[in-house]
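Colleague: Structure of the sequence below:
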Amino acid sequence: MFRGQSLRRFGIAATLSVLGPLALAGTATGAPPGAPPTPQAPVGAADVPLERLTVNSTQVAFGLQRPTAIFAPDDGSRRLLVTEKAGTVRVYHPETGLATAPLLDLTDRVSTEGNERGLLGIVTSPNFATSRALYVAYTRLPDGAVTLSRFVLDRADETPVPPSREQVILTQPHAEFGNHNGGQLAFGPDGYLYWSIGDGGGADDVLGSGQNLGTLLGKILRLDVNRSCDGRPYCVPAGNPFVGTAGARPEIWAYGLRNPWRFSFDRQDGSLWIADVGQGTYEEVDHLGRGVAGANLGWSCREGPVVFDPDRCVAGVSPVEPVFTYRTSFDGCAVIGGHVYRGRQYADIAAGTYLATDYCSNQAFAIRPGAAGGAYPARVIGELPIQPTTLGVDADGELYLANDLPGQLHKISFGVQPPPLACRITYRVDSQWGTGFSTTMTLTNTGTSPINGWAVNWTFAGSQTAGNWWNAVGEQQGAAVTARNAAWNATIAPGGSATFGFLGSYRGSNPTPTGFTVNGSACG
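Modeller: Numbers count the residues shown, from 1 in each chain. Have a look, this model is predicted:
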C-alpha cells in the first residue's frame, strides 16, 4: 500500500534490530522562504527522557483483511473505523470487539491491483454526531485514479452505509503505475480537509511530479469540503499557498513528496507530522508548524538529507530538512507514520512524543521536538507487531496499530525503564579445563546510597551453563542467567562490593557477557 519498490524488500520483515537502543540521527527543521517557523520546543512534553521510554502492544482484535487505516469519530461512540484494502470499512468497539459485517462496502469500485492500490484512507467530519459526513480515499476501478469521496449519513450510527450515497469530491489520474498512491485523510485544526497523494509511482520520480506544481501527484492538498465553488463539490481555501500562481494547482498545501502514506496533526499544537516513504536510501519524517504553507519537502531533488537528483533541484530553493531519517534496506523498508501521543493513560511519560514504525523492521521510533530549535531527539524504544501498516488514535488519544497480513488490531502502551544504577560489574574466568571453567564476579556500589538486595542478570553468548554457586544463589533459563544475593551479602554499602562466582560447563572460549543488569537496571 505504501512501498515504492514492490515486495522485494519485505523479506527482511522483523529481522532488523541494528538500531537497537542507540539514539538515532535527527536534524533541525528548515522552512520555505517566508513560511512561519516550525515548533522550536516541545509542547506539553513528558519529563521522562527517551532513553528510558519503552513501548508495548496488546492484541485486541483479529480477522481484518489487510487493514490500511484507522480513525475514531468524535461522536461519543468509542468506535474505531478500520479500512481494509479490498474496499470495506470495519468497526471495532472496545466492549464488543470487531464487527463481522462491514460498515461500508466499496469492493465493486475499488481497484486492488498490485500491493499499493485499494481503500487507503478514512476520516469523518468534525462534530460527526451532527455533521454526519464520512470521507474515504481509494484507487478507482478500472483506471486506478486516486479518488476522494463523501458519504452523508442519516444518523451518525447508521449501519450499513449505503454505497449509493457516494459523492465523488476529487480525483487524480494515476494509471501509469500502481504504487505511490498516498491516501491519508485528516481534518486540520483549521477545519479544512487534508489529503496526501504519492508521486504517481514507478521509480526515481519518473513522472517528474515531486517538484511540479502543475500536478496533484507528490503533494498534500488542503480543501474546503463544506462549500461548493465553480461547479466543484469543494472550494480552495483562499490561504492556500499557490492560489493565483500561474501553472500551479491551487489545492496544493505542501509539495516535494514521494509517497506520504501517513501524516497526522498534533492535537495540542496543530503542527503537521509527515512520514514520507523513501526510494532506496532514506526513510524520513518531516515536521511543519501549524499554518506552514507551501513547504517543499525536497523530493525528487532530495531523498531524506541527501541530494537524489541534482537536475531536479531549483537554484535558490532550500527544501525543508527532515527532522528524522533512517536507512532504507538497513533499518527498515517503508516508514509508517504515526501520531504525537496526547492521551491520558501515559501522559506523564509519553506526552508530546511522536511514535512511528516501519513495515519491515517494526521498530518503534520515538521522536520529540528539540529545545530552542535544536536537533530532534529520537530513539528506538522497542518493537511493535510485524508488518504494521497504520497507527491510529481513539477518541481519548490512545494509540492503536493494525498490521497487514496478520490482520490484527493492537493497542499501544508505554512504560519506563528504571534509571541506571551507580554500580560496576567485573567478570573474570579464573581457569578453564576440558568442558569446565570457573568464574569470579564482583558487584561494586559506586553510588552514595546502599544497594539493599541485588539480582545480576546477563545472557551467555554460547551454550554455557552455570552451577555450583558461591556467595550467590543462581538460576539459568536457556542462555539467560540470574545471580541473587546470599543472606550475608544482601546489602552493599556505598563504595563496597560483593564478590561471588560459579563453576561452569562449556567447551571453547568464554568471552565476557555483555549487557549486565542489576535489579533490572544497567550499571551506570
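Colleague: Show me where the stretch 301-450 of the chain has its strands.
Modeller: 302-303, 306-307, 324-327, 335-340, 354-358, 363-367, 378-383, 388-393, 399-403, 408-416, 423-433, 436-445 (DSSP state E, counting those that start in this stretch).
Colleague: for the third one, packing partners?
Modeller: Okay, so that is strand 324-327. Applying 3 or more C-beta pairs under 8 Å, 6 or more residues apart in numbering; DSSP states H and E, we find strand 324-327 packed against strand 282-288, strand 363-367. Placement of C-beta: from N, CA and C, glycine included.
Colleague: Let me have those strands in TSV, extended by distance to residue 241.
Modeller: Output for the helices and strands packed on strand 324-327, formatted as TSV (distance: least, C-beta to C-beta, whole Å):
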stretch	distance to residue 241
strand 282-288	12
strand 363-367	26
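Colleague: In the stretch 1-150 of the chain, what residue spans correspond to helices?
Modeller: With DSSP state H, counting those that start in this stretch as the criterion, the stretch 1-150 of the chain has helices at 128-131.
Colleague: For it, just list every one of the strands.
Modeller: 53-62, 67-71, 80-84, 88-93, 97-98, 104-105, 119-124, 133-139, 146-152.
Colleague: Point out the one among those that comes closest to residue 406.
Modeller: strand 53-62 (7.5 Å; C-beta to C-beta).
Colleague: What strands line up against the closest one, and which way round?
Modeller: Partner strands and pairing direction for strand 53-62 (DSSP bridges) are strand 408-416 (antiparallel).
Colleague: so where's the protein uncertain?
Modeller: 1-44, 524 (pLDDT under 70).
Colleague: Nearest residue to the middle of it?
Modeller: residue 356 (1.4 Å; C-alpha atoms, centre = their mean).
Colleague: Might you report the residue contacts of that one?
Modeller: 275, 285, 324, 335-338, 364-365, 367, 391 (C-beta atoms under 8 Å, 6 or more residues apart in numbering).
Colleague: so which of the residues you listed comes closest to residue 314?
Modeller: residue 285 (23.3 Å).
Colleague: Identify the residues contacting the closest one.
Modeller: 273-276, 322-325, 335, 337, 354, 356, 365, 367.
Colleague: swap the cut-off to 6 Å and go again
Modeller: Going by C-beta atoms under 6 Å, 6 or more residues apart in numbering, residue 285 touches 275, 323-324.
Colleague: again, but for residue 398
Modeller: residue 343.
Colleague: For residue 157, see how far away it is.
Modeller: 22 Å (C-beta to C-beta, to the nearest Å).
Colleague: got it, and residue 439?
Modeller: Taking C-beta to C-beta, one finds residue 439 at 66 Å from residue 157.
Colleague: The two: who's more crowded?
Modeller: Each of residue 439 and residue 157 has its neighbours counted (other C-beta atoms under 10 Å); residue 439 has more, 19 against 14.
Colleague: Pull the contacting residues for the more buried one.
Modeller: Taking C-beta under 6 Å, 6+ apart as the test, what residue 439 contacts is 429, 501-502.
Colleague: ok so, going back, for residue 479, which of the helices and strands packed on strand 324-327 is the nearest?
Modeller: Checked against C-beta to C-beta, the stretch from these lying closest is strand 363-367, at 23.3 Å.
Colleague: Parallel or antiparallel, which strands does the closest one pair with?
Modeller: Partners of strand 363-367 in the sheet, by DSSP bridges, are strand 354-358 (antiparallel), strand 378-383 (antiparallel).
Colleague: for the contacts of residue 439, which one is nearest residue 127?
Modeller: residue 502 (66.3 Å).
Colleague: Can you tell me what sits against the strand or helix carrying that closest one?
Modeller: In this structure, residue 502 sits in strand 497-505 according to DSSP states H and E. The list of residues contacting strand 497-505 from outside it, by C-beta under 6 Å, 6+ apart, reads 435-444, 464-466, 468-472, 474, 489, 492.
Colleague: buried subset of these?
Modeller: Neighbour-count burial (16 or more other C-beta atoms under 10 Å) is assigned, among those, to 437-439, 441, 443-444, 464, 466, 469, 471-472, 474, 489, 492.
Colleague: Let me know the closest of those residues to residue 204.
Modeller: Among these, and counting by C-beta to C-beta, the member closest to residue 204 is residue 464, at 50.9 Å.
Colleague: tilt between the strand holding residue 502 and strand 436-445?
Modeller: 160 degrees (axes from the mean of the first three to the mean of the last three C-alpha atoms, to 10 degrees).
Colleague: Which positions in strand 497-505 come out as buried?
Modeller: 498, 500-502, 504.
Colleague: same check, this time on stretch 182-190
Modeller: Going by 16+ other C-beta under 10 Å, stretch 182-190 has these buried residues: 182-187, 189.
Colleague: Narrow those residues to those in helices?
Modeller: Among the buried residues of stretch 182-190, no member falls in helices (DSSP state H).
Colleague: out of these, who's nearest residue 296?
Modeller: Distances from residue 296 to these, taken by C-beta to C-beta, are shortest for residue 182, at 16.8 Å.
Colleague: you'd agree the closest one is up against residue 198?
Modeller: Yes. Using C-beta atoms under 6 Å, residue 182 is in contact with residue 198, at 4.3 Å.
Colleague: what are the bridge partners for the closest residue to residue 454 other than its chain neighbours, then?
Modeller: Distances taken as C-beta to C-beta, 6 or more residues apart in numbering place residue 485 nearest to residue 454, at 5.0 Å, with adjacent residues excluded. Legend: beta-bridge partners of residue 485 under DSSP bridges are residue 472.
Colleague: what's the distance between residue 485 and residue 515?
Modeller: 20 Å.
Colleague: who's more crowded, these two?
Modeller: residue 485 (21 against 8).
Colleague: From residue 452, how far out is the more buried one?
Modeller: From residue 485 over to residue 452 the distance is 9 Å, taken as C-beta to C-beta.
Colleague: now for the particular helix or strand that has residue 475 in it, which elements pack on it?
Modeller: In this assignment (DSSP H and E), residue 475 forms part of strand 472-477. Using 3 or more C-beta pairs under 6 Å, 6 or more residues apart in numbering; DSSP states H and E, the elements in contact with strand 472-477 are strand 480-485.
Colleague: How far does stretch 80-95 sit from its chain's centre?
Modeller: Relative to its parent chain, stretch 80-95 has a centroid offset of 20 Å by C-alpha atoms, centre = their mean, to the nearest Å.
Colleague: Quick check: buried residues in that stretch?
Modeller: Buried residues in stretch 80-95 (16+ other C-beta under 10 Å): 80-92.
Colleague: start to end distance for that stretch?
Modeller: Distance across stretch 80-95, first residue to last, is 12 Å (C-alpha to C-alpha, to the nearest Å).
Colleague: cool, stretch 509-520 as well?
Modeller: 28 Å.
Colleague: What residues of that stretch count as buried?
Modeller: Those buried within stretch 509-520 under the rule 16+ other C-beta under 10 Å are 510, 513, 516-518.
Colleague: Show me those residues that map onto strands.
Modeller: 517-518 (DSSP state E).
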